[in-house]
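[1] what shape does this take:
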Amino acid sequence: MKINQFNLTENKTFVIAELSANHNNDIELAKDTIRAMKESGADCVKLQTYTAESLSIDVDNEYFGPRGNGLWKGWRPYDLYKNAAMPWEWQPELIELAESLGMICFSSPFDSKAVDFLEGLDTPAFKIASFEIHDLPLIKYAASKGKPMIISTGIATLEDISNAVKACKEVGNDQIALLKCTSAYPAPFNEINLRTIPNMKETFDCVVGLSDHTLGSVAPLGAVALGAKIIEKHFILDRSLGGVDSSFSMEPKEFKEMVDGIRNLEEALGTVTYDLTEKAADSRTRGRSIFSVQDIKEGEIFTMENVRSVRPAAGLAPKYLDNIIGTVATKDIKKGTPLNWKDVGR
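    Next up is the predicted model:
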């Protein structure tokens, strides 16, 4: 599965920096944030393409009134989305900037109009947000464009995920990546359940990853160790800027540390092998072997007092110690001499 030239099935993890609402309605801030994403090691910038009307309606009743709890307590959904939405007219310019910096850029559409808009910009993939996983018509429509589909699963049951995957395949699109996600902001560690990631890969036979809302990089690193090929984190220049997503977004230094950690972890994971590296082979010569630890006369019996397993590995392997004890020396042996079979008589 490829997004542009980035092969998601290769060893390198695809790191997505989510701009979300952290533009704070300032295009220059958005541009500065994208530049900082590049400097922090992101492979991809992700935008969101919606309007308040595509997510909610301007009604003040029990369904659309102010939220009673959570991070956005007191906000009417319509007002929240209106405040957080990125102007669509910015997006061509921001995509061009990201690409000029060598990054991939795509977006999350929230209705068919957004899909059409992004198609007009020839974005290379579609990201389906967690709260849209039940919108199978939207998923089908986006998938029908034949581009890779990255789907977050933050509010999904196993059946919901299966339905979303099936919706993509029904329109001939099997380029599917699923992101384990916990839709809590910020998400507590005891609700992340990273062990779901390898099970998700096995169950759906697709690329898997993590869309993470925890604080810090522990969960992303754990996800990579368990087979995640995509990591998505919200990115902000400075949390003190505020904004609806600021409290669970990573600042540049934190993001860079996460990316560096992922790249080091990728190298450390390596492949399944029991072959020794050149350095390990050299270290092996400093392992244990059997040495004389006293002066031993020809014909004298080897005992646990006069021979012992010590470093380095210049003599017989320690596994032969029991075979040597009780036999006799074939010659005089000075203390500190590595034993070999010609020194051992029967």
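
[2] what ranges do the strands span in the stretch 1-150 of the chain?
    2-3, 6-7, 14-18, 44-49, 104-109, 126-128, 149-152 (DSSP state E, counting those that start in this stretch).

[3] okay if I get those as TSV plus distance to residue 33?
    Where you see a C-beta, it was placed from the backbone N, CA and C, and this is true even at glycine. Formatted as TSV, these follow (distance: least, Cβ to Cβ, whole Å):
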stretch	distance to residue 33
strand 2-3	21
strand 6-7	21
strand 14-18	8
strand 44-49	9
strand 104-109	13
strand 126-128	18
strand 149-152	21
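
[4] now the spatially closest residue to residue 181 that is not a sequence neighbour, what's its secondary structure?
    Closest residue to residue 181 apart from its sequence neighbours, by Cβ to Cβ, 6 or more residues apart in numbering: residue 154 at 3.6 Å. Of the three states, residue 154 takes coil according to DSSP: H, G, I helix; E, B strand; the rest coil.

[5] got the contact list for residue 154?
    For residue 154, the contact set (Cβ atoms under 8 Å, 6 or more residues apart in numbering) comprises 130-131, 181-183, 211.

[6] read off the pLDDT value for residue 185.
    On the pLDDT scale, residue 185 is placed at 89.

[7] ok, how many other residues are close to it?
    14 (other Cβ atoms under 10 Å).

[8] residue 110 too?
    Other residues close to residue 110 by other Cβ under 10 Å number 22.

[9] just the one 4 residues further on next, same as before
    Neighbourhood size, residue 114 [other Cβ under 10 Å]: 22.

[10] that older thread, any chance of TSV for the strands of the stretch 1-150 of the chain, columns mean pLDDT and distance to residue 335?
    Shown next, in TSV, are the strands of the stretch 1-150 of the chain (pLDDT from 0 to 100; distance: least, Cβ to Cβ, whole Å):
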stretch	mean pLDDT	distance to residue 335
strand 2-3	95	66
strand 6-7	94	60
strand 14-18	98	59
strand 44-49	98	65
strand 104-109	98	67
strand 126-128	98	71
strand 149-152	98	68
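
[11] mean neighbour count and distance to residue 172 for those - can I get that in JSON lines?
    JSON lines is the format used below for those (neighbours: other Cβ atoms under 10 Å; distance: least, Cβ to Cβ, whole Å):
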{"stretch": "strand 2-3", "mean neighbour count": "18", "distance to residue 172": "17"}
{"stretch": "strand 6-7", "mean neighbour count": "14", "distance to residue 172": "21"}
{"stretch": "strand 14-18", "mean neighbour count": "26", "distance to residue 172": "23"}
{"stretch": "strand 44-49", "mean neighbour count": "24", "distance to residue 172": "24"}
{"stretch": "strand 104-109", "mean neighbour count": "24", "distance to residue 172": "19"}
{"stretch": "strand 126-128", "mean neighbour count": "26", "distance to residue 172": "15"}
{"stretch": "strand 149-152", "mean neighbour count": "26", "distance to residue 172": "12"}
